[in-house]
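>>> here is my input, please return the structure:
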Amino acid sequence: MKLNGRFTPGATVLGQVTEPGYEHLTAEMKIERVEPETHFSYRWHPYPNEPKRDYSSEPMTLVELQLTDAKGTDGGTELTIIESPALPGRCLGAVGCGDRAVEGVGGAVAIAPPPA
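Residues are numbered from 1 along each chain as shown. Below you'll find the predicted structure:
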């Protein structure tokens, strides 16, 4: 996803999907909290897979990413992702929806600063 803004609380950031075949889709994220190296959260309309549909009147879900020291490792980091509330039926035809969202995830997770 190619993002057009900085992750600062209160900001709205648009993300252009870069997955081949889905480049016509855009996601809107409203940034909630940013605590460097520990917590990041935003609200969005999950899986906005209909480009001509107006999602603005629908509820947004809260996505929280939390980084903690991984127990039993030597300097490892555990990433916890929580999305609530789930919106039934929104997954139909969406990229990365359901269990596929974490498929292939493994090894290190890199946190990079936003572009200047």
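
>>> now do the buried residues in stretch 9-26.
With burial defined by 16 or more other CB atoms under 10 Å, the residues of stretch 9-26 counted as buried are 13, 15, 17, 25. Placement of C-beta: from N, CA and C, glycine included.

>>> what lies in contact with that stretch?
By CB atoms under 8 Å, 6 or more residues apart in numbering, the surrounding residues in contact with stretch 9-26 are 1-7, 27-34, 42, 48-49, 51, 95.

>>> again, only this time at 7 Å
1-5, 7, 27-34, 48-49, 51, 95 (CB atoms under 7 Å, 6 or more residues apart in numbering).

>>> what separates it from the chain centre, distance-wise?
Distance of stretch 9-26 from its chain centroid, counting by CA atoms, centre = their mean, to the nearest Å, is 10 Å.

>>> average model confidence for that stretch?
Averaging the model's pLDDT scores along stretch 9-26 yields 90.

>>> swap in stretch 57-72?
Here stretch 57-72 scores 88 as its mean pLDDT.

>>> before we move on, the earlier item: just the buried residues of stretch 9-26: which are in helices?
Within the buried residues of stretch 9-26, no residue falls in helices by DSSP state H.

>>> identify, from the residues you listed, the entry nearest to Glu64.
For the buried residues of stretch 9-26, the residue nearest Glu64 by CB to CB is Val13; the value is 16.0 Å.

>>> bridging residues for that closest one?
As for beta bridges, Val13 partners with Met29 under DSSP bridges.

>>> where's Lys71 relative to Val63, distance?
Lys71 sits 24 Å away from Val63, taking CB to CB, to the nearest Å as the criterion.

>>> who has more neighbours out of those two?
Set Lys71 next to Val63 and count neighbours by other CB atoms under 10 Å: Val63 wins out with 17 against 7.

>>> in the helix or strand hosting Glu32, what's buried?
When elements are assigned from DSSP states H and E, Glu32 belongs to strand 26-35. In terms of neighbour count (16+ other CB under 10 Å), strand 26-35 has its buried residues at 27-32, 34.

>>> just the residues contacting the following helix or strand past that strand, thanks.
Proceeding N to C from strand 26-35, the next assigned helix or strand is strand 39-44, under DSSP H and E. Contacts of strand 39-44 with the rest of the structure, by CB under 7 Å, 6+ apart, involve 7, 27-34, 60-66.
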